[in-house]
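>>> based on what follows, work out the 3D shape:
(chains A, B and C)
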Amino acid sequence: MKIQKRTIALCIYFGFLILPIYWMLNMSLRTNADILGNFALYPADITFRNYIKIFTDPTWYMAYINAIIYVSMNTVMSLAFALPAAYAFSRYKFIGDGQMFFWLLTNRMAPPAVFLLPYLQLYSTFKLMDTHIAVALAHCLFNVPLSVWILEGFMSGVPKEIDETAFIDGYSFPRFFATIFIPLIRAGVGVTAFFCFMFSWVELLFARTLTITEAKPIVATMTRTISATGLDWGLLAAAGVLTIVPGGLVIWFVRNHLAKGFALGRV
Amino acid sequence: MDKWPDNRAWFLVLPAFIIVAFSGIIPLMTVVNYSLQDIFGPGEAVFVGTEWFKEMLGNYRLHAALWRQFLFSGLVLLIEIPLGILIALAMPKRGWGVSASLVILALPLVIPWNVIGTIWIVFTRPDIGLFGVGINSLDLLEVPFDHTAKPLYAWITLLAMEVWHWTPLVALLAYAGLRAIPEAYYQAAKIDGASAWATFLYIQLPKMRGVLTIAVLLRWMDSFLIYAEPFALTGGGPGNTTTFLSIYLVKLATMQFDLGPAAAFSLIYFLIVLLFSFAFYQALLNVGRGEKG
Amino acid sequence: MARIELNEIAHSYRPKPRSDEDFALKRIHHVWEDGGAYALLGPSGCGKTTLLNIISGLLNPTRGQVLYDDKDVTDLPPEKRNIAQVFQFPVLYDTMTVFDNLAFPLRNRGLAGRDVERRVHEVAEILDLAPYLKKRAAGLAADAKQKISLGRGLVRDDVAAILFDEPLTVIDPHLKWNLRRKLKDIHERLKLTFIYVTHDQVEALTFADKVVVMYEGEIVQIGSPQDLFENPEHTFVGYFIGSPGMNFLDCTLEGNLARSNGARIALDETVAAKARGIQGKLELGIRPMHLKVCTEAIEGGVPANVKAIEDQGSYRIVIASFGGQILRARLPEGRHTPSDQIWLVFPPEWTRLFVDGRLIKA
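The predicted model follows:
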């Protein structure tokens, strides 16, 4: 009886989670006139007009491609930089290790708004404005520290004896790292990649500030659409639904590691 | 586990340090630079010392935004942490329900933040939103619901959105913490005749301390830095009633172009976040730990 | 305190067990006498923890009943059974002091503050925990933590039995002996029923008056340590107990002689007579310490080749091959090491015969 009550409460909560998303899906399958004219709980005549517009108009679909490009770049960069650093923090004692770790984490706490102005200047100086690499680099500000933090947790769970054995067996450090160590913490690498993807994908402020047209991502395109063309709710909703799809796919792939991953390897 | 002492480990940290320094330290130095000067145009700047800091610290708009921010972040923690724990406790422990629950829970976390704003506009608008139309058709409210009309409504909408968006993170963390408690603890509690409440208080809560520390820190930091969602939903209005620190800062920096004050404000802002994060971290570390003996 | 009776218990972790294979416990029928010190011995996965959880009520058996003093408690939850259990690793309430940990089961049962105080101090005295009462339990060493887990059982004066699930696993070797000694003391002092699960024969044999050996979900023998050593009722017991375990040879019967690889080995007459009436696979078993090693040919000696000598510290073991089968024999002290050919003598009073794994009793 008690268990049933719990389950019912949980289902109600999940309803609360799904409902707003459902509502946007509902909007995305209707024309703007229909949305403004009739209030309906479900789309009476489903139209894919909004989606067709997004898939045929380059300013829309390029925005998705741009976002995917810089998010992928950022994920690869964050992992590449964070893996050796996390290894150092989990295995070695060195001068300033504690301070360094804390300093890295403070970057995760910095308000992005603080960095807005200097970024405009910095990236203009390096002629990086409106490029994918600029956004990927900017997102490293919070994704590298986060990756170091998560990976360090997972790496500390691997006994040091494994490293020692490998070195005695004559493995060079790079070969040991690539062929033995990384496979051991695959789950951790996967979870870290998920977090990098997630935080880079959802970020708006840097992505909007550092891009103009060439690398403009979907999140920025959507905010500009609100102010520019009046409001085509159906189109906006369709664009929104499409931003959920990549994230949904990623979740589906890592679903079995989610519980462990969210403990950041350190329960 | 004893670590190997070796300063060459710095070479492994160096790449990460450089890339974060490029995005972190250089801009921060620029901000410090701005905050101490009055800039008229390219190459024309006067050193003004701490003037901007004094000005910003006395700025009533900043004070108002700061209090709003504290109220908002405080409410967020008060609602999301207990709710997240409750959800984690109610979640299934085995079977297909686990995967399904995890996927549903994680979904709001991968939606771009301004899209979250869009979702909630579409959901709560009094003309087309399910919630807006729904609640107004009940005819309970004196003033019809419209989040642009009344500060209270704007706040409720923002809080609902924030809770919707981020409680799953707390729940996932708490769930991960719960799953890591060995079965023997529950068995011992049963044998000792502990009630469900005592089991929660003396086993589950202490064992979740680690993940809950992470949850409180992340939620505190991120709710204190919130920008995209209120920007998309209310734009800081009605009036300035939902202008939180980030929104105020961006307005100051990009719309009024007051570089000096904005930079001084940025630094104060950063310090506040750091200070509170550190205080929370220390407090949570000490709760229930006490002396080691 | 209570006498615990297991009546035809069987348990399967599958909801709908079909074959015998699905059962973690096949058929357990046994009485634990009040005040006994029992060890439940067996290899990992033999079902001993399952059996323990059925006694404590953490598991409901698929079939059969659990009786405490003739009262059926099969459907009662653990807290109603007045049982205490000590787990493999210390289970403590981390945020509480040692005192609060010990008081917890009493407070949950609504005991008055004064009685709680008295009981906790008594138990702390017995377990040498009195100096730590005000300390936080989480900060103590593993052996003190295990004593606290035990103490949470001892504080309840009505406790029916205390169950131990490999409680010394995480204890440092030099403290293991101390803690085991302490357990034995407590048992003698309080005369409680102790059931001690372990896969370590030394722990089992030194702790218990009666050892229950389990193998693949069944109890194969119950007896005193001496019984288990001298008269293993199952080849598994012979092999599992003793270091090294019993030697076994496949054999056939010829009158009063066992025949194995051409050699003839004399048997006890009654055993041989009984064995003649039974069909099945015959095996001959003998402990290494009972096998006599001779360096010269001797009447009734079986010739074997020395493969290796193992030095066990106070004694040496000869590993010899005999017609493709390996035999181990213990060399008496002071004897010079045989080099190549030896003759092994099987004294009939120590030679055991098994049919399909079961001992033929004299």
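>>> what sits against the most far-flung residue of chain B relative to its centre?
Outermost residue of chain B with respect to the C-alpha centroid, by CA atoms, centre = their mean, is B:I191; its distance is 40.4 Å. B:I191 is in contact with C:56, C:58, C:78-79, C:83-85, C:105, C:153, counting by CB atoms under 8 Å, 6 or more residues apart in numbering or on different chains. Quick note: C-beta positions are derived from backbone N, CA and C, even for glycine.
>>> tell me which of these fall in helices.
C:56, C:105, C:153 (DSSP state H).
>>> quick check: the last one vs chain B, distance?
C:G153 sits 8 Å away from chain B, going by CB to the nearest CB, to the nearest Å.
>>> distance of the closest residue to that residue other than its chain neighbours from A:L25?
With sequence-adjacent residues excluded and distances taken as CB to CB, 6 or more residues apart in numbering or on different chains, C:G153 is closest to C:A84, at 2.3 Å. Here the criterion is CB to CB, to the nearest Å. By it, C:A84 lies 56 Å from A:L25.
>>> okay, the two: which has more neighbours?
C:A84 (26 against 18; other CB atoms under 10 Å in any protein chain shown).
>>> where along the stretch 1-150 of chain A do the helices fall?
A:2-28, A:32-37, A:49-56, A:58-91, A:97-109, A:112-125, A:132-156 (DSSP state H, counting those that start in this stretch).
>>> other residues contacting the third one?
If I follow you right, that is helix A:49-56. Residues contacting helix A:49-56 (CB under 8 Å, 6+ apart): A:28-29, A:31, A:60-61, A:232, A:234-235, A:237-239, A:242.
>>> distance to chain C, neighbour count and pLDDT added to these, as JSON lines?
Formatted as JSON lines, the contacts of helix A:49-56 follow (distance: CB to the nearest CB, whole Å; neighbours: other CB atoms under 10 Å in any protein chain shown; pLDDT from 0 to 100):
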{"residue": "A:S28", "distance to chain C": "44", "neighbour count": "27", "pLDDT": "86"}
{"residue": "A:L29", "distance to chain C": "43", "neighbour count": "21", "pLDDT": "87"}
{"residue": "A:T31", "distance to chain C": "53", "neighbour count": "17", "pLDDT": "80"}
{"residue": "A:W60", "distance to chain C": "53", "neighbour count": "20", "pLDDT": "82"}
{"residue": "A:Y61", "distance to chain C": "51", "neighbour count": "15", "pLDDT": "85"}
{"residue": "A:D232", "distance to chain C": "55", "neighbour count": "17", "pLDDT": "78"}
{"residue": "A:G234", "distance to chain C": "50", "neighbour count": "24", "pLDDT": "83"}
{"residue": "A:L235", "distance to chain C": "52", "neighbour count": "23", "pLDDT": "83"}
{"residue": "A:A237", "distance to chain C": "46", "neighbour count": "26", "pLDDT": "86"}
{"residue": "A:A238", "distance to chain C": "47", "neighbour count": "25", "pLDDT": "87"}
{"residue": "A:A239", "distance to chain C": "48", "neighbour count": "26", "pLDDT": "86"}
{"residue": "A:L242", "distance to chain C": "44", "neighbour count": "20", "pLDDT": "88"}
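>>> out of the residues you listed, who's nearest chain B?
A:A237 (6.1 Å; CB to the nearest CB).
>>> can you put the contacts of helix A:49-56 in a markdown table and add distance to B:T254?
Rendered in a markdown table, the data for these read as follows (distance: CB to CB, whole Å):
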| residue | distance to B:T254 |
| --- | --- |
| A:S28 | 31 |
| A:L29 | 36 |
| A:T31 | 35 |
| A:W60 | 25 |
| A:Y61 | 29 |
| A:D232 | 26 |
| A:G234 | 30 |
| A:L235 | 27 |
| A:A237 | 28 |
| A:A238 | 29 |
| A:A239 | 24 |
| A:L242 | 28 |
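>>> return only those of those residues found close to chain B.
Counting by CB under 8 Å from any CB of the partner chain, A:A237 from the contacts of helix A:49-56 sit close to chain B.
>>> ok, for the closest residue to chain A within chain B, nearest residue in space, not its chain neighbours?
Nearest to chain A, among the residues of chain B, is B:V110, at 2.6 Å (CB to the nearest CB). Leaving aside its sequence neighbours, B:V110 sits nearest to A:G247 (CB to CB, 6+ apart; 2.6 Å).
>>> doesn't B:I111 make contact with the one you found?
Yes: A:G247 is in contact with B:I111 according to CB atoms under 8 Å; the separation is 6.4 Å.
>>> list the residues that contact both of these two?
A:V202.
>>> rewinding a little: most widely separated two among the contacts of helix A:49-56?
Across those, the longest distance by CB to CB is 20.2 Å; it joins A:T31 and A:Y61.
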